[in-house]
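# Quick one, what's the 3D model for this:
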Amino acid sequence: MNKLYFGDNLDILREHIADESVDLIYLDPPFNSKRDYSVLFKTPKGHESDAQITAFEDSWHWGEQAEREFNELLHCNNTDVAEMMLALRKFLKENDMMAYLTMMANRLLELHRVLKPTGSLYLHCDPTASHYLKIILDGVFGHANFKNEIIWKRVGAKGNVQRKFGAIHDVLLCYPKKIGTELWNQLYRPLDPVYVENMYRYKDADGRRYRIDNLTAPMSRASKGQIYEWRGKRPPSTRCWVYNKEAMEQLEKDGRIIYSKNDYPNYKRYLDENPGEKLPDVWDDIQNAMGVEFLGYPTQKPLALLERIIKASSNEGDVVLDPFCGCGTAVHAAQKLGRQWIGIDITHLAISLIEKRLKDAFPGITFEIEGTPKDVDGARDLALRDKYQFQWWACSLVNAAPYQGKKKGADSGIDGLIFFHDDKTGAKKIVVSVKGGENVSVAMVRDFAHVIEREQAAMGFFVTLAEPTGPMSKESVAFGFYDEPRFGAEYPKLQILTIEGLMSGTERPRYPDLTLGRSTFKRAQIEDVSGEQGKLL
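Predicted structure coming up:
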């Protein structure tokens, strides 16, 4: 199963994901915050500040595509959704928010279709559009299937807030396909230490802590055998005993009944038998992704958050789907917890980052990638459709971090960067230029040689879709060699690499690197998946 799909998730869902085939859906769609989100790539000490590249533009506008998708909604089988979208359009008019909600409504209908009857969906959002998204979810799933609004405190207090309260939380909206039949694993979190100290005040001779608990229950819970006299004591007239007489006798034998001064029975409840506090709908115990876990992706969520969701609403072997998978935290958590997974994203940048993340965290992992070029014809088609997606994909073939991307301004002649260490003097730089056109020339190689010198780079990789000419190869050789300082090995300073050769494995970039790529990318920690899932905490 484990698959990554490149493409519009609406198309992928319709063409590749079968009805009622997914156990759990987590989605963290862009919130229409009208921001451009940039991936932050690691830059070694001694070079310019960390490089950023726009991962996606978080804004929608009403236009032909929005009108087309809105028309689809009016003709969908779910008439509640059609009526709701008409009402929203009447209220919001044809603006950016309406375009965003139209996009989301179509995709939520498809997600509802692929979800199993026992499955659940968690939609992660912020206050920008959460109120509108809940209305749409009520239409798609039915308002009776709303289960929880979970508040996740993602950051601490903010000190730079003026004239409003600090925004420190996100919202998770949880909807089962059919409430009451969904898979559910009760989760617990550790008891509050203050609560433990105040309530579990007593100790047995062996030091085992316990609290004194009530042995009576409301009369509404009474069943046969729960109203009787026990050692001369009866429960109050409006209450009954929690247990029948036979069970009480067993508790007495087990030493679990403790008597008060007036000989009234109470239950001895031990601390070590308490699994913890049942997890509430306010999660303030998970910090945002930071430190070694943070890989530079702008909307990256902490693994602990996704692990909690996956543990609560799926079992090992179940299928987890993330249709906006970004940097892949959901699929990472699913892999770690022994679930199958499907991830979808509309940028090759995200897909290549997820591929690297999974291979770093789970050495030897195997999974499929659909929608990326499988041959030269596929690469040529991508280059014609979207030059930036092609550049990002081509950079991944040589393990380079994309550079600038859609950033406005003069073309620097650089599409990717690689950093490497081959001695103790610091990181060296390799610049990458990607050419997706049908024609390349020796003049392009000369220009790139000037870029290498201008950037004071150790080497440069000229990655081309078209076959290089003889004069181009001669020009690259004439540029000379980079001498590796430890053993004196020579590497061509300007290497011409073809897409076909990189894809087939007959060509590869040649350079020394003691860090094995760690100087270019932040690397996910290797996960230990040898043990079992463990307690649901």
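
# which strands and helices sit next to the lengthiest helix in the chain?
The residue-count maximum for a helix in the chain (DSSP state H) belongs to helix 96-114. Contacts defined by 3 or more Cβ pairs under 8 Å, 6 or more residues apart in numbering; DSSP states H and E place helix 96-114 against helix 9-16, strand 22-27, helix 64-74, helix 79-92, strand 115-125, helix 130-141. Heads up, the C-betas are built off the backbone N, CA and C, glycines and all.

# go with 6 Å
helix 9-16, helix 64-74, helix 79-92, helix 130-141 (3 or more Cβ pairs under 6 Å, 6 or more residues apart in numbering; DSSP states H and E).

# Low-confidence regions, the stretch 351-500 of the chain specifically.
404-411 (pLDDT under 70).

# tell me the pLDDT at Gly156?
With respect to pLDDT, Gly156 scores 84.

# Nearest residue to it in space, please, no chain neighbours.
Once flanking residues are discounted, Gly156 sits nearest to Ile168: 6.8 Å by Cβ to Cβ, 6 or more residues apart in numbering.

# Surely the one you found and Val155 touch.
Yes: in this structure Ile168 lies within contact range of Val155 using Cβ atoms under 6 Å: 5.0 Å.

# and the residue nearest the centre of the chain, what does it touch?
In the chain, the centroid-proximal residue (Cα atoms, centre = their mean) is Thr329; its distance is 3.0 Å. Applying Cβ atoms under 6 Å, 6 or more residues apart in numbering to Thr329 gives the contacts Lys301, Leu306.

# now do 8 Å
Ala289, Gln300, Lys301, Pro302, Leu303, Leu305, Leu306 (Cβ atoms under 8 Å, 6 or more residues apart in numbering).

# Burial check on the last one, number of neighbours?
The reference is to Leu306. By other Cβ atoms under 10 Å, the residues close to Leu306 number 25.

# again with the fourth one
Residues contacting Pro302 under the criterion other Cβ under 10 Å number 19.

# Not counting its neighbours along the chain, what's nearest it?
Ala289 (4.5 Å).

# And the third one, by the same measure?
Leaving aside its sequence neighbours, Lys301 sits nearest to Thr329 (Cβ to Cβ, 6+ apart; 5.0 Å).

# Now do the one you found, the pLDDT please.
95.

# For stretch 393-407, list every residue counted as buried.
393-405 (16 or more other Cβ atoms under 10 Å).

# Among those residues, name the ones in strands.
Among these, the ones falling in strands (DSSP state E) are Ala401, Pro402.

# Looking at the buried residues of stretch 393-407, spot the one nearest Asp318.
Proximity of these to Asp318 (Cβ to Cβ) peaks at Ser396, which lies at 29.7 Å.

# give me every residue that touches the residue lying closest to the closest one once chain neighbours are set aside.
Closest residue to Ser396 apart from its sequence neighbours, by Cβ to Cβ, 6+ apart: Ser352 at 3.6 Å. With contacts defined as Cβ under 8 Å, 6+ apart, Ser352 is in contact with Trp392, Trp393, Cys395, Ser396.

# number of nearby residues for the first one?
So that's Trp392. With other Cβ under 10 Å as criterion, Trp392 counts 27.

# correct me, but it touches Leu349?
Yes: contact criterion Cβ atoms under 8 Å: Trp392 and Leu349 qualify, at 4.4 Å.

# which residues of the stretch 151-300 of the chain score low on pLDDT?
Those would be 296, if you go by pLDDT under 70 across the stretch 151-300 of the chain.

# coming back round to it: tell me how many other residues surround the residue nearest to Gly156.
15.

# pretty sure it is touching Arg154, no?
Yes: in terms of Cβ under 8 Å, Ile168 counts as a neighbour of Arg154; the distance is 6.6 Å.

# in the sheet, who's paired with His124?
Leu172 (DSSP bridges).

# Ile151 versus that one, what's the distance?
12 Å (Cβ to Cβ, to the nearest Å).

# which of the two has more neighbours?
With neighbours defined as other Cβ under 10 Å, His124 and Ile151 compare such that His124 has more, 23 against 16.

# list the contacts for the more buried one?
Tyr26, Leu27, Asp28, Pro29, Asp170, Val171, Leu172, Lys301.

# cutoff 7 Å now
Applying Cβ atoms under 7 Å, 6 or more residues apart in numbering to His124 gives the contacts Leu27, Asp28, Asp170, Leu172.

# Determine which two of those are furthest apart.
Leu27 and Asp170 (12.8 Å).

# which residue sits closest to the residue located most distally from the centre of the chain in space, ignoring its chain neighbours?
Within the chain, the residue lying farthest from the chain centre (Cα atoms, centre = their mean) is Gly232, at 60.6 Å. Spatial nearest neighbour of Gly232, chain neighbours left out: Asp263 (7.3 Å); criterion: Cβ to Cβ, 6+ apart.

# so what's the backbone phi/psi at the one you found?
phi 60, psi 20 (degrees, to the nearest 10).

# Quick check: the gap between the residue nearest to Ser396 and Gly156.
33 Å.

# and if you look at Arg385?
44 Å.

# just Thr102 next, same as before
Applying Cβ to Cβ to Thr102 and Gly156 gives a distance of 36 Å.

# and if you look at Leu191?
23 Å.

# so where do the helices sit in the stretch 301-450 of the chain?
303-313, 329-336, 348-361, 376-385, 387-397, 442-454 (DSSP state H, counting those that start in this stretch).

# can you redo the ones you listed as JSON lines with distance to Phe141?
Output for these, formatted as JSON lines (distance: least, Cβ to Cβ, whole Å):
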{"stretch": "helix 303-313", "distance to Phe141": "14"}
{"stretch": "helix 329-336", "distance to Phe141": "20"}
{"stretch": "helix 348-361", "distance to Phe141": "27"}
{"stretch": "helix 376-385", "distance to Phe141": "35"}
{"stretch": "helix 387-397", "distance to Phe141": "33"}
{"stretch": "helix 442-454", "distance to Phe141": "54"}
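
# Now do the strands in the stretch 401-537 of the chain.
For the stretch 401-537 of the chain, the strands defined by DSSP state E, counting those that start in this stretch occupy 401-402, 416-420, 428-435, 459-464, 481-483, 490-492, 494-498.

# Adding distance to Asn9, write these out as CSV.
As requested, these are exported to CSV (distance: least, Cβ to Cβ, whole Å):
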stretch, distance to Asn9
strand 401-402, 22
strand 416-420, 27
strand 428-435, 26
strand 459-464, 29
strand 481-483, 43
strand 490-492, 42
strand 494-498, 32
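
# Leu73: which of those is closest?
Of the strands of the stretch 401-537 of the chain, nearest to Leu73 by Cβ to Cβ is strand 401-402, at 35.2 Å.
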